[in-house]
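Colleague: prediction below, plus the sequence it came from.
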Amino acid sequence: MKNVEYVYMFGMDRETLEQRLEETGVGVLSLAKDSAAYAVPIAYHYDGDSVFLRFAFEGDSTKREYLEATSEACLCLYGIESDDENWSVLVQGTLRQLTGTERDRFDALTVNETFERLHVFDQDIEAIDIEVYELLADSITGRTTES
């Protein structure tokens, strides 16, 4: 790696990992179908125990197709504070759609208060279905430039 600039990364301590999960609110969710990958920006909420993901669907969608086919998903969070200060967190696990009383916990008011504002692109607002999933974490890891 001669002449290639780099910065050392360190494993993130549990306290910092929890802080990043609680404060970030938006990440990139990687899904897979057969041997093809699909990644989407997504709003999430971490309550100290669980990671909840807010999906917005309109009819048939590539996102829903990949979501239904994914056996293990990966949520990536990251921040670049400066050239020498950055971090990343990966949450890997299975996705489970909330149903019944679990789903009722996330009514419209709670969704608005809990998740980042919904970004809509060329969609009929009335046709959008909001669904909340839980990412059942098998692994949560973090890296940071701060030791």
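Modeller: Thanks, I have it.

Colleague: for the rest of this, base every contact and every neighbour count on C-alpha atoms.
Modeller: Noted.

Colleague: point out where this protein drops to low pLDDT.
Modeller: Of all residues in the chain, those with pLDDT under 70 make up the ranges 1, 119, 122-124, 127, 147.

Colleague: go through it and flag its longest helix.
Modeller: helix 14-24 (DSSP state H).

Colleague: in the protein, which spans are strands?
Modeller: With DSSP state E as the criterion, the chain has strands at 10-11, 26-33, 36-46, 51-57, 73-82, 85-97, 129-144.

Colleague: next, count neighbours for residue 12.
Modeller: Neighbours of residue 12 under the rule other CA atoms under 10 Å: 20.

Colleague: isn't it right up against residue 90?
Modeller: No: taking contacts as CA atoms under 8 Å, residue 12 lies outside contact range of residue 90: 11.2 Å.

Colleague: and for the two, which residues touch both?
Modeller: By CA atoms under 8 Å, 6 or more residues apart in numbering, residue 12 and residue 90 have these common neighbours: 141-142.

Colleague: which residues are in contact with residue 17?
Modeller: Going by CA under 8 Å, 6+ apart, residue 17 touches 89, 141-142.

Colleague: turn these into JSON lines, including neighbour count and distance to residue 61.
Modeller: Output for these, formatted as JSON lines (neighbours: other CA atoms under 10 Å; distance: CA to CA, whole Å):
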{"residue": "89", "neighbour count": "21", "distance to residue 61": "27"}
{"residue": "141", "neighbour count": "15", "distance to residue 61": "30"}
{"residue": "142", "neighbour count": "22", "distance to residue 61": "31"}
